[in-house]
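# Fold the following for me, if possible:
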Amino acid sequence: MKEKLSDEEVALKVVYAALETVIDPEVGINIVDLGLVYDVAASAERVTVSMTLTSPACPMGSLLADESREAIQAKVPPSVAVEVKLVWEPPWSPEKMSDKAKKQLGWA
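Prediction:
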């Protein structure tokens, strides 16, 4: 018998699935596998995502944040507020990438 997921677990799965559709245009890999998503909090009223960029000077920052917000908003009820915050601590490093992303880049 399958274990029943809590509402929060279901919400987190939905949010992460939405974020996996957001592709970093510079490397062609989704932001989750790149390790750019640091934290996701989800409730019935609000979704908050803390994410970073490969560099604070990345020109794609506002684009990726907007695309992330839109991808999540498309998967949750309209009444749910979605906030995407860009954070810089801890700094991103290639070690944060998934094995899948490292293989795609030929690093594994």
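# ok, Trp107 touching Pro94?
Yes: Trp107 lies in contact with Pro94 (C-beta atoms under 8 Å); the separation is 7.1 Å. Heads up, the C-betas are built off the backbone N, CA and C, glycines and all.
# Now do the buried residues in the helix or strand of the chain with the lowest mean pLDDT.
Taking mean pLDDT, DSSP states H and E as the measure, the chain has helix 7-19 as its least confident helix or strand, at a mean of 90. Neighbour counts using 16 or more other C-beta atoms under 10 Å place 11-12, 15, 18-19 of helix 7-19 among the buried residues.
# hmm, who's touching whichever helix or strand comes after it?
Going down the chain from helix 7-19, the next helix or strand is strand 23-24, by DSSP states H and E. Residues outside strand 23-24 that contact it (C-beta atoms under 8 Å, 6 or more residues apart in numbering): 29-31, 34, 36, 54, 60, 64.
# Just the residues you listed: which are in helices?
Leu64 (DSSP state H).
# isn't Ser43 right up against Glu8?
Yes: the criterion here is C-beta under 8 Å, and Ser43 meets it with Glu8 at 7.4 Å.
# Disregarding flanking residues, what is the spatial nearest neighbour of Thr54?
Nearest residue to Thr54, sequence neighbours excluded (C-beta to C-beta, 6 or more residues apart in numbering): Trp92, at 5.3 Å.
# sorry, that was for Gln73
What sits nearest to Gln73 in space, not counting adjacent residues and going by C-beta to C-beta, 6+ apart, is Val82, at 5.0 Å.
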